[in-house]
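In: Fold the following.
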Amino acid sequence: MLTEKDLQQLSGRNITENQVINQVAQLKKGTQYVQLMRPATLGDGIRRVDEETKDLMSAVFEADKEFYQFTKFVPASGAASRMFKDLFAFIESGTETKFTDIFFAHIHSFAFFDDLDTAVKRLYNNNIDSLLQEGRKVGIVKALLLDEGLAYGKLPKALLKFHHYPTFDRLALEEHLVEAARYATDNEGVAKLHFTVSPEHESFFVETVNALKNSYEKKYGVRYDITFSCQKPSTDTVAIDANGELFREADGKILFRPGGHGALIENLNDLGEEIVFIKNIDNIVPETKADATITYKKVLAGFLLHLQQRTFDYLEMLDEGSVSDEELNEIVDFAKNDLMIDIPDFMKDYTAIEKIDYLYNKLNRPMRVCGMVKNEGEPGGGPFWVKNDDDEVSLQIIESSQIDHNNPKQEAIFQSSTHFNPVDLVCGCWNFKGEAFNLTDYVDANTGFVSNKSKDGRELKALELPGLWNGAMADWITVFVEVPIETFNPVKTVNDLLKPMHR
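Out: Numbering: from 1, shown residues only. The predicted model follows:
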């Protein structure tokens, strides 16, 4: 199947022949749908946080944070093109819609208005208000999106102006710097951030951070340690054509496609950091409205530190091997009731040594505490109890694409979900001995998604790797905690910036 030239191409990407063979087999097999058991709900997989618990977990975080290393991990490589989908359509058609009506009616409210007005004057020798009066709205949008203007249509969201303040405006990236200063600093006042970026934008990110860093350090009394990484070529995936053969370019080379955000588990693993906050680049609000977000970041981190320390204490006991029946029962109760680990009934028939070995393997894994908001109709994934191929039941974040919607029972479970995943995670990535886990050992490769695409007029089947917080973390200890809806304020379209929480 693979020629000598193919093998050279693989070698250049650090991809093995076996990887390609396995990916082709997975593409032919198609998407392997998950088996939902039931939605995770309050009291059954999702912890409710009352005022007392909120204060307690925040206090745990504040008291213990000096003993840990924290990093904020922000996937920021995606271009903002989808954010402007409706405006690109307007350039093509010139037809106004409800979306464009709202955009133009509130155009003065966007943080990028002054920059856009300057670009319009440069391109058309006139200002935005004059072009609006003349009905030259397409020109305004071109000035916003295209290369001759602000080029917002191909920049990453991180480098777009999101929020307007009385005397300045802030990029999305800047708001993440502010957030990190408030909860991700160590006992020496260092705030670590890591952004995953696309290669074509990396230098722009570096220049922007270098220009901003000193002023933010002075303002917030911290030192920033900011790093960047790109998705590895070794995480790209192959595709197959209509005949089930490797899809090749016109020159005969194998077509490789980006593997999706699940590829970032490699970037996260390479960091080797102890405690990692993960948050999407566009779920960010102005500093003046960030108090709830900051509070619940501390709550989630408090849960993690508290649960992880108890887990470590039990692991040390198990590692020593001399554990009484009473202590084993205590560990089982903790695993079931606090870590939400499904302990099968047959474990009671194990010998003491077998129980110790079983519990050690269950507890000695990376841990994540994930915020969940009440489902108010947002598209995307949510929390479920899922059974895997080994008949093990666990808590998972599941995307709609992982569900067999033609199966009435599975669809009913999916539709009965009460909560939604806002991508608000705090992760413990070291074991009880202070060593970094190899995070790639905890990926469920079978949860990749196969989709139908086309290239150069030819159909292909493409493979997307297991999502970062889906299959890429499938074998982590997972705890779900309810967080308020005001902590979830994504910017999926440009008009989302007009919502109250962004103004």
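
In: Isn't Pro490 up against Ile281?
Out: No - in terms of Cβ atoms under 8 Å, Pro490 does not count as a neighbour of Ile281; the distance is 9.5 Å. Every C-beta, even on glycine, is put in place using the N, C-alpha and C of the backbone.

In: So between the two, which is more surrounded?
Out: Between Pro490 and Ile281, counted using other Cβ atoms under 10 Å, Ile281 has the larger neighbour count: 25 against 15.

In: give me every residue that touches that one.
Out: Contacts here follow Cβ atoms under 8 Å, 6 or more residues apart in numbering; on that basis Ile281 touches Val74, Pro75, Ala76, Gly78, Pro156, Lys157, Ala158, Ala172, Leu173, His176, Phe195.

In: ditto for Asn489
Out: So Asn489 contacts Asn283, Ile284, Val285, Lys499, Met501, His502 (Cβ under 8 Å, 6+ apart).

In: Am I right that it falls within a strand?
Out: No - counting by DSSP: H, G, I helix; E, B strand; the rest coil, one finds Asn489 to be coil, located in no strand.

In: I'd like the distance between it and Pro344.
Out: Distance, Asn489 to Pro344, using Cβ to Cβ, to the nearest Å: 40 Å.

In: Just the buried positions in stretch 67-87, please.
Out: 68, 70-80, 83-84, 86-87 (16 or more other Cβ atoms under 10 Å).

In: from these, which is closest to Gly448?
Out: Pro75 (17.9 Å; Cβ to Cβ).

In: Touching, that closest one and Val276? I think so.
Out: No - Pro75 is beyond contact range of Val276, at 12.0 Å (criterion: Cβ under 8 Å).

In: sorry, back to before: tell me which entries of the buried residues of stretch 67-87 lie within helices.
Out: Asp86, Leu87 (DSSP state H).

In: Which of the buried residues of stretch 67-87 fall within strands?
Out: Members of the buried residues of stretch 67-87 lying in strands (criterion: DSSP state E): Phe70, Thr71, Lys72, Phe73, Val74, Pro75.

In: hang on, the third one packs against Lys279?
Out: Yes - under the criterion of Cβ under 8 Å, Lys72 lies in contact with Lys279, with a separation of 7.1 Å.

In: shared neighbours, the two?
Out: Counting by Cβ under 8 Å, 6+ apart, the contacts common to Lys72 and Lys279 are His176, Glu179.

In: thinking again about what came up before, please produce a markdown table containing the contacts of Asn489, extended by distance to His419.
Out: What follows is the contacts of Asn489, written out as a markdown table (distance: Cβ to Cβ, whole Å):
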| residue | distance to His419 |
| --- | --- |
| Asn283 | 16 |
| Ile284 | 21 |
| Val285 | 21 |
| Lys499 | 21 |
| Met501 | 20 |
| His502 | 23 |
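
In: looking at those, which has the most residues close by?
Out: When neighbours are counted by other Cβ under 10 Å, Ile284 leads those with 29 neighbours.

In: sorry, back to before: nearest to Asp55, out of the contacts of Asn489: which one, please.
Out: Val285 (22.5 Å).

In: part of a strand, is that closest one?
Out: No - applying three-state DSSP, one finds Val285 to be coil, outside a strand.
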